[in-house]
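Participant: A predicted structure for the sequence below; I have some questions about it.
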Amino acid sequence: MTIGHSTRSLEELVELLDLNAVKLLVDLRTAPGSRRMPHFARSALEVSLPERGIDYRHVPELGGLRKPRPDSVNTGLRNDSFRGYADYMQEDAFRQALTRLEGVALQSRTAIMCAEAVPWGCHRSLISDALFADGVEVEHITGRGRTSPHRLTSFALVSGNRITYPADTLPL
């Protein structure tokens, strides 16, 4: 599962996690803090979520804010942040972190979280593509009682356990 904390209250986030039986929240933010929403700072979540029966784990290896490589194969992604993250997805460090995420998700119902409300506006969508390519079903929590199944990005190219977004696979 995926979720974005957006401008929700802590109670709203916990309610959405509870409604979806989530027991572990994996924080994907590179910088897990928020001046505008201090209840979503790592230090706050490490205390408040376990008090409500939800484990919390910060996984910076899956964090965003990656720079695109000059030789990027992901030229179908026009947004530099997305292209940079897709480039990072080609590295062993990403694959190792993703494998660890898949392992913990087998042990406990897990949601990955970033700040963006909608998954397609965040690197959660690219991580979801990688999970989907590995055969993992991913649902996006979009609101109270609302989830949507992840659909592989239409121009994604999957080869084994690697996924790329080349420009020549873009729909016309």
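Facilitator: Right, received. Where do you want to start?
Participant: Which stretches in the chain count as strands?
Facilitator: Under the criterion DSSP state E, strands of the chain are mapped to 2-4, 24-27, 55-58, 110-114, 139-143, 146-149, 157-159, 162-164.
Participant: List the buried residues of the last one.
Facilitator: So that's strand 162-164. Of all the residues in strand 162-164, those buried under the rule 16 or more other Cβ atoms under 10 Å are 163-164. To be clear about C-beta, it is placed using only N, CA and C from the backbone, and glycine gets the same treatment.
Participant: Tell me who's in contact with the most centrally placed residue in the chain.
Facilitator: Central residue check for the chain by Cα atoms, centre = their mean: the C-alpha nearest the mean position is that of R124, 2.8 Å away. Contacts for R124 (Cβ atoms under 8 Å, 6 or more residues apart in numbering) come out as 2, 4, 28, 112, 114, 116, 140.
Participant: between the strands of the chain, which gets nearest to R42?
Facilitator: The closest approach between R42 and any of these, judged by Cβ to Cβ, belongs to strand 55-58 at 5.4 Å.
Participant: can I assume F155 is in contact with G76?
Facilitator: Yes: taking contact to mean Cβ atoms under 8 Å, the distance of 5.1 Å between F155 and G76 places them in contact.
Participant: chain center to the top helix by length along the chain: distance?
Facilitator: Within the chain, and with DSSP state H defining each element, the longest helix by residue count is helix 92-107. Averaging C-alpha positions (Cα atoms, centre = their mean, to the nearest Å) puts helix 92-107 12 Å from its chain's average.
Participant: If we go by neighbour counts, what in it is buried?
Facilitator: Neighbour counts over helix 92-107 (16+ other Cβ under 10 Å) mark 94, 97-98, 101, 105 as buried.
Participant: Check those and tell me the two furthest apart.
Facilitator: Maximum pairwise distance in these, criterion Cβ to Cβ, is 16.1 Å, between F94 and A105.
Participant: Pairing partners for the residue nearest to P50 when sequence neighbours are not counted in the sheet, please.
Facilitator: Closest residue to P50 apart from its sequence neighbours, by Cβ to Cβ, 6 or more residues apart in numbering: Y56 at 6.6 Å. Listed by DSSP bridges, the beta-bridge partners for Y56 are L25.
Participant: show me what contacts Y56?
Facilitator: Applying Cβ under 8 Å, 6+ apart, we find Y56 in contact with 24-25, 27, 45-46, 49-50.
Participant: Out of these, the closest to N161 would be?
Facilitator: Out of the contacts of Y56, the one with the shortest distance to N161 is L24. That distance is 22.9 Å, counting by Cβ to Cβ.
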